[in-house]
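*Asks:* Predicted model follows, preceded by the sequence.
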Amino acid sequence: MKQKARIIFGAGFILAGLFHFINPDFYFPMMPGWFPAPELLNLLAGVVEIILGTGLLIRKYARPASYGVIFLMILFIPVHVYMIQVGGCVSDTVCLPLWAAWVRLVLIHPLLILFALWVGQTK
């Protein structure tokens, strides 16, 4: 079960990383104005997500990749806080109810971190 979860999680990260290249304009409104070089940060996030997702697919690299995912999730916290600060809507295409932005920050994000830790613990 854990191996299947790790593969699905890794594939999800690869797809999320690819989306940074397919539709970069989706991500720019989510970045707080104080983030430097949003275009570069978006591309770096996509590359890192693809690398970490690939690492999760390979048992030998699953543990360090899971730690990388955790670190990346921590780096993404300011984006979630920003979504709350602006009321959940950063553009016409990216708009969440405020309660959903809170759930994403305080529940979903920590669960993803725990899930990354779990799938990275290979035998």
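*Replies:* Looks like it came in fine.

*Asks:* use CA for all of it now, contacts and neighbours both
*Replies:* Noted.

*Asks:* Report the secondary structure state of the spatially most central residue of the chain.
*Replies:* In the chain, the residue lying closest to the centroid (CA atoms, centre = their mean) is M73, at 5.7 Å. Using DSSP: H, G, I helix; E, B strand; the rest coil, the structure places M73 in helix.

*Asks:* what sits against A16?
*Replies:* For A16, the contacting residues are 46, 49-50, by CA atoms under 8 Å, 6 or more residues apart in numbering.

*Asks:* Can you tell me which of these is closest to V103?
*Replies:* Among the contacts of A16, E49 lies closest to V103 (CA to CA), at 22.4 Å.

*Asks:* So which residues of the chain form strands?
*Replies:* Taking DSSP state E as the criterion, the chain contains no strands.

*Asks:* Please report how far G55 lies from V106.
*Replies:* Remark: distance between G55 and V106 (CA to CA, to the nearest Å) = 26 Å.
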